[in-house]
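> The following comprises the amino acid sequence and a computationally predicted model.
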Amino acid sequence: MLNNLTFPVSRTTIFTEDMERSLYFWRDVLGFSITIEAKIPNPGASDIVGFNCDSIEVTVLSNFNSNFGNIGLANIIKPKIKLDKIVPSKNISLGETCIVIRTENLKLILSNLKKINSKIISLPTKLDLPIDEEVWEMFVRDPNGVLVNLSHHGKWFK
């Protein structure tokens, strides 16, 4: 068996048609910082997505200037095919990917999520785990329908 053929996940990229709305969620609500803004021209843009387009606008967001756990937002400019949209559900689907993000600020994030009418799937729930710290978790969808699990570690002060 081969081990360590790859490094830890550096980035999860979300394809979006509304970069500003996505940026607001990831930057302004969850606190990520923009580390890269780039435009990928052709032929690379069309080659990487597997169909013709004019270009791809990419924004990479990070916390703590890390090279790991980053969020990428990609907007395909003038795709030459009709792109399918994921229809977000209140339910979690089998095979669906979930981005898990640890926080110590879940109360503030929850307040911000409510202000922008985010698709909250579950409110913060204290988990009964065999560890020494409290863990509170909730699920929400980003503006593109991506499932996000916010995990608060530490006391939940009222």
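That came through fine.
> quick one: the helix ranked longest in the chain to chain centroid distance?
Secondary structure of the chain per DSSP state H: the longest helix is helix 106-115. Distance of helix 106-115 from its chain centroid, counting by Cα atoms, centre = their mean, to the nearest Å, is 16 Å.
> what's the model's confidence in the helix or strand just after that helix, averaged?
Scanning forward in sequence from helix 106-115 by DSSP states H and E, the next helix or strand is strand 119-127. Mean pLDDT, computed over strand 119-127, is 94.
> List the buried residues for the next helix or strand after strand 119-127?
As assigned by DSSP H and E, the chain's next helix or strand after strand 119-127 is strand 135-141. By neighbour count on 16 or more other Cβ atoms under 10 Å, the buried set for strand 135-141 is 135-141. In this view, the C-beta of every residue, glycine as well, is placed from N, C-alpha and C.
> Can you tell me the closest non-neighbouring residue to residue 121?
residue 139 (3.9 Å; Cβ to Cβ, 6 or more residues apart in numbering).
> I'd assumed residue 122 was in contact with the one you found.
Yes. Assessed by Cβ atoms under 8 Å, residue 139 is found in contact with residue 122 at 4.9 Å.
> remind me which residues of the chain are low pLDDT?
Counting by pLDDT under 70, the chain has low-confidence residues at 1, 157-158.
> How is it divided into domains?
The chain breaks down into these domains under automatic domain parsing: 11-77, 98-153.
> Switch these over to JSON lines; also include distance to residue 87.
Listed next are the domains of the chain as JSON lines, based on distance: least, Cβ to Cβ, whole Å:
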{"stretch": "domain 11-77", "distance to residue 87": "14"}
{"stretch": "domain 98-153", "distance to residue 87": "7"}
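> So for residue 91, which of those sits nearest?
Closest to residue 91 of those is domain 98-153 (Cβ to Cβ; 8.0 Å).
> Tell me how far the closest residue to residue 126 other than its chain neighbours lies from residue 125.
Leaving aside its sequence neighbours, residue 126 sits nearest to residue 136 (Cβ to Cβ, 6+ apart; 5.3 Å). For residue 136, the distance to residue 125 equals 7 Å [Cβ to Cβ, to the nearest Å].
> Same check on residue 14?
The value you get for residue 14 to residue 125, if Cβ to Cβ is used, is 25 Å.
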